[in-house]
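1. kindly return the folded structure for what I paste below:
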Amino acid sequence: MGRGALEAMFCERAVIVFDYQGGDGLVTENNFEEIIKCNLSGRRFKKQYNVMEMVNEIKKYNLNSVRKVKELVLKYYSSNKVINELLSVYETEINNKRDLEN
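-> Residues are numbered from 1 along each chain as shown. Here you go, the predicted model:
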């Protein structure tokens, strides 16, 4: 579910995190950092929405908020960021191995 949510947010789509086990609701710039703590799985708040509560989540839709969420997704999950982090880990490990060999 988290991967699908991320892909939708990369495409500048509004995302409601929710499945049969509950959910976290509409992802906004205000709750994004909390919701990603549990990988957009619905486990952060685990809310069981009734029909009216889900309608209210949908009514929270705001195009400007969706655009801000996309910026946050790019900040945290862009390929450039992830690749640079991986390269840093590899470089550290290569240097550690060299230090152990010497």
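2. how about the CA coordinates for stretch 10-22, as PDB?
-> Extracted C-alpha coordinates of stretch 10-22, given in PDB (Å, rounded to 0.1, in the frame of the first residue of the first chain):
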ATOM      1  CA  PHE A  10       4.900  11.400  -7.200                       C
ATOM      2  CA  CYS A  11       2.200  11.800  -9.900                       C
ATOM      3  CA  GLU A  12       0.700  14.700  -7.900                       C
ATOM      4  CA  ARG A  13      -2.400  12.800  -6.900                       C
ATOM      5  CA  ALA A  14      -4.300  13.000  -3.600                       C
ATOM      6  CA  VAL A  15      -3.900   9.900  -1.500                       C
ATOM      7  CA  ILE A  16      -6.100   8.500   1.300                       C
ATOM      8  CA  VAL A  17      -4.300   5.800   3.200                       C
ATOM      9  CA  PHE A  18      -6.900   3.300   4.200                       C
ATOM     10  CA  ASP A  19      -7.700  -0.400   3.900                       C
ATOM     11  CA  TYR A  20      -9.700  -3.100   5.800                       C
ATOM     12  CA  GLN A  21      -7.400  -2.700   8.800                       C
ATOM     13  CA  GLY A  22      -7.900   1.000   9.200                       C
END
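3. dead centre of the protein: give me the residue that sits there.
-> Closest residue to the average C-alpha location of the chain: Ile36 at 4.5 Å, with C-alpha atoms, centre = their mean.
4. could you find the closest non-adjacent residue to that one?
-> Tyr76 (6.8 Å; C-beta to C-beta, 6 or more residues apart in numbering). Heads up, the C-betas are built off the backbone N, CA and C, glycines and all.
5. got it, and Gly42?
-> Distance criterion C-beta to C-beta, 6+ apart; nearest residue to Gly42, sequence neighbours excluded, is Gly23 at 4.0 Å.
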